[in-house]
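A.B. asks: Could you work out the structure for the sequence below:
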Amino acid sequence: MDIVKKKPKKTLFNNKGVIITIAVIIVIVLVSYAKASLNNVSLARKDILLATVKKGDIDVTVEGYGKLTSEKLQLITTLTQATVEEIILKPGARVTKESVIVKLANPELQQQVESAEYSLAESKANLRQLKLNQKRETLVEKSNYLELVSQHKGARLTLTAQNKLVKSGIVKQIDYQESILREEQLKERIAIFKERNEQLGEVHKEAVNIQLERIKQVEQRLTIAKNRHSKLIVKAGFDGVLQRLSVKLGQSLSPGQEVALIGSVTELIALIRVPQNKVQLVKVGQNVLVDTRQETIMGKVMRIDPIVEQNTVEVEISFPDKLPQSARPEQNIDAVITAEILENIYYLDRPANVKAHSETALYQLN
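C.D. replies: Numbering: from 1, shown residues only. Presented below is the predicted three-dimensional model:
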């Protein structure tokens, strides 16, 4: 029996040459597309910084941050050992010269005051007793002097009477000579008494001066004790604001230990920190715009600290005499120092992180 075989149909994909040709064409197309894709880069809009070239004047500025601080500061310390008995004011409070900040306690100081007062009273009593004794002694000496004068007058009268009677023999010569000797002795005693009274007056005066000097020393000791005791009531000392209180209730303080820091309110300066790599642009006398977060204040650079801390340098800014009411010590601020003004130049506002005298690549937007 004969079987009829069918011949396979010839298609395009059954031809090996055609398949190879199609594959080559596909590879060429893919390579061309890849090359075209490499030449065209796509970026998101948020990743691109756009800026317009401008012409005009531009300020070269240096930014910093810091705080306002009092130009006039007063540190209050303890004079003696004491214990904090009462805290009257807290940091931030406005104070006057007589404002009481803290009350301290020290029983020994009170005892010293009382002891000095007792010594002063005793010394004054001794002075009064001394003057009474001197007065009594002066009266005794005066009485003795008057008695000598009286005796001398009697001796002279006797001598005068015997002088007339001795010639007639009524009075013996020896009695007359004794009268002469007695009168001379009394005369010498009176002269010595006068000299002694003068010296006694000087002695009395010097004794009073010595006692007065003792009283003065006791008064000085009392004044010192009272002054130290009065310092237990800690006062501000001048008008300003209490910036720092360094004690707690019941704390025991040593002599010279800090109690509080008082700063002026009207006399303020700004202490800001600027980057170390930009401090070379800052010069004394440059204008500064200080932002207190409420308003702005114009100032000038007064001092540049030579010490570098944490890659920053401290710059001191001074202000005019009259400051806004919002300005207060320890207030955080931002500052912009105008280093110089470049006139009539081409510039871009962005990028902002480009360093001076450096080069960077930019693309011109088509």
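A.B. asks: hey, where'd the helices end up in the stretch 251-366 of the chain?
C.D. replies: Ranges of helices in the stretch 251-366 of the chain, per DSSP state H, counting those that start in this stretch: none exist.
A.B. asks: quick one, strands of it?
C.D. replies: Along the stretch 251-366 of the chain, the segments classed as strands by DSSP state E, counting those that start in this stretch run 252-253, 258-263, 268-275, 287-291, 296-309, 312-318, 332-347.
A.B. asks: since we're on residue 333, how many residues are nearby?
C.D. replies: Counted by other Cβ atoms under 10 Å, the residues lying close to residue 333 total 20. The C-beta positions use only the backbone N, C-alpha and C, and glycine is treated the same way.
A.B. asks: I'd assumed residue 65 was in contact with it.
C.D. replies: Yes: between residue 333 and residue 65 there is a contact at 7.2 Å, judged by Cβ atoms under 8 Å.
A.B. asks: shared neighbours, these two?
C.D. replies: Shared contacts of residue 333 and residue 65 (Cβ atoms under 8 Å, 6 or more residues apart in numbering): residue 272.
A.B. asks: Which one of the strands of the stretch 251-366 of the chain lies nearest to residue 138?
C.D. replies: Residue 138 lies closest to strand 252-253 among the strands of the stretch 251-366 of the chain, at 55.3 Å (Cβ to Cβ).
A.B. asks: Which neighbours in the sheet does the closest one have, and how are they oriented?
C.D. replies: Here strand 252-253 is paired, per DSSP bridges, with strand 82-87 (antiparallel).
A.B. asks: CA-only coordinates of the partner strand, as PDB, when you get a sec.
C.D. replies: Output in PDB follows, covering the C-alpha atoms of strand 82-87 (Å, rounded to 0.1, in the frame of the first residue of the first chain):
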ATOM      1  CA  ALA A  82      27.500  81.400 106.500                       C
ATOM      2  CA  THR A  83      24.400  79.400 105.800                       C
ATOM      3  CA  VAL A  84      21.700  80.400 103.300                       C
ATOM      4  CA  GLU A  85      18.700  81.200 105.500                       C
ATOM      5  CA  GLU A  86      16.300  82.700 102.900                       C
ATOM      6  CA  ILE A  87      16.200  83.300  99.100                       C
END
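A.B. asks: Would you mind listing the buried residues in that strand?
C.D. replies: Of the residues in strand 82-87, 82, 84 count as buried by neighbour count, 16 or more other Cβ atoms under 10 Å.
A.B. asks: for stretch 117-137, same thing?
C.D. replies: Those buried within stretch 117-137 under the rule 16+ other Cβ under 10 Å are 119-120, 123-124, 127, 134.
A.B. asks: For that stretch, output the C-alpha coordinates as PDB.
C.D. replies: What follows is stretch 117-137, C-alpha atoms only, in PDB (Å, rounded to 0.1, in the frame of the first residue of the first chain):
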ATOM      1  CA  GLU A 117      29.600  96.500 121.900                       C
ATOM      2  CA  TYR A 118      30.300  95.300 125.400                       C
ATOM      3  CA  SER A 119      34.000  96.100 125.000                       C
ATOM      4  CA  LEU A 120      33.200  99.500 123.700                       C
ATOM      5  CA  ALA A 121      30.800 100.200 126.600                       C
ATOM      6  CA  GLU A 122      33.500  99.000 129.100                       C
ATOM      7  CA  SER A 123      36.200 101.200 127.500                       C
ATOM      8  CA  LYS A 124      34.000 104.300 127.700                       C
ATOM      9  CA  ALA A 125      33.200 103.500 131.300                       C
ATOM     10  CA  ASN A 126      36.900 103.200 132.000                       C
ATOM     11  CA  LEU A 127      37.400 106.600 130.400                       C
ATOM     12  CA  ARG A 128      34.800 108.200 132.600                       C
ATOM     13  CA  GLN A 129      36.400 106.600 135.700                       C
ATOM     14  CA  LEU A 130      39.800 107.800 134.600                       C
ATOM     15  CA  LYS A 131      38.600 111.300 134.200                       C
ATOM     16  CA  LEU A 132      37.000 111.200 137.700                       C
ATOM     17  CA  ASN A 133      40.200 109.900 139.200                       C
ATOM     18  CA  GLN A 134      42.200 112.600 137.500                       C
ATOM     19  CA  LYS A 135      39.800 115.200 138.700                       C
ATOM     20  CA  ARG A 136      40.000 113.900 142.200                       C
ATOM     21  CA  GLU A 137      43.800 113.800 142.100                       C
END
